[in-house]
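A.B. asks: Generate a structure from the sequence data that follows.
(2 chains)
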Amino acid sequence: DTGVSQDPRHKITKRGQNVTFRCDPISEHNRLYWYRQTLGQGPEFLTYFQNEAQLEKSRLLSDRFSAERPKGSFSTLEIQRTEQGDSAMYLCASSSYRTLNETQYFGPGTRLLVL
Amino acid sequence: GNSVTQMEGPVTLSEEAFLTINCTYTATGYPSLFWYVQYPGEGLQLLLKATKADDKGSNKGFEATYRKETTSFHLEKGSVQVSDSAVYFCALRPLGGYNKLIFGAGTRLAVHP
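C.D. replies: Sure, this is the predicted structure:
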């Protein structure tokens, strides 16, 4: 069990560019979550996958954001036409439905800075 | 709606002092409650949890009791160490739904020797 990994750890981009982040959950975890954390705030839920199906999306997830989880393994989060307000830490978490009162395990996050 | 309110930080303590970080919540029914900790430069880690009223979660000397009557889940530790310096997040998982977590804003703790 190597934990949840995210790549890249840091990303600096110019306004208007597209960026893509990757999350590799703990193996055999069928549930995957994306959160966004801005400075001085707690994480805010963005979206949830069960296996490959995206079952819930927050209103925070505008149409510039898209997330996928092909084959129910790793997930990607893409932001198109980035804006300065997208600057934040993007966190991925995974959990297993097999565990009673399941715990979400978080990755180290990808810190995005939009100039 | 569902929400979590934490006491504002930073909380600054001397080593071996008693710690309390207040957390109250608003939710329908009986959510599960969590404390996560974020050490400098690291990701969020689960510290402790409680899934029903009057449950006490504990780990690494930290404790929190699920109080339905006061909708609270205050974090306590009898004697803090410098290594406890971190940001602490209270969170709830609403009953039903898809297990998403709703976090408070976090409370920064700084412990000095």
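A.B. asks: what's the pLDDT at the residue of chain A found nearest chain B?
C.D. replies: Chain B sits closest to residue A:42 of chain A, with a gap of 3.1 Å, by Cβ to the nearest Cβ. C-beta coordinates here come from the backbone N, C-alpha and C atoms, glycine included. Residue A:42 carries a pLDDT value of 94.
A.B. asks: Now the helix or strand containing residue B:34: average pLDDT?
C.D. replies: Secondary structure from DSSP states H and E places residue B:34 in strand B:32-38. Mean per-residue pLDDT for strand B:32-38: 95.
A.B. asks: what's near enough to touch residue B:15?
C.D. replies: B:80, B:81, B:82, B:111, B:112, B:113 (Cβ atoms under 8 Å, 6 or more residues apart in numbering or on different chains).
A.B. asks: coming back round to it: where's the nearest residue to the residue of chain A closest to chain B once chain neighbours are set aside relative to residue B:33, distance?
C.D. replies: Of all residues not flanking residue A:42 in the chain, residue B:103 sits nearest, at 3.1 Å (Cβ to Cβ, 6 or more residues apart in numbering or on different chains). Taking Cβ to Cβ, to the nearest Å as the measure, residue B:103 falls 12 Å from residue B:33.
A.B. asks: try residue B:17
C.D. replies: 24 Å.
A.B. asks: So if I had to pick from these two, which one is more boxed in?
C.D. replies: Per other Cβ atoms under 10 Å in any protein chain shown, whichever of residue B:17 and residue B:33 has more neighbours is residue B:33, with 28 against 14.
A.B. asks: who wins for most neighbours among the contacts of residue B:15?
C.D. replies: Those, ranked by neighbours (other Cβ under 10 Å): first place residue B:80, 22 neighbours.
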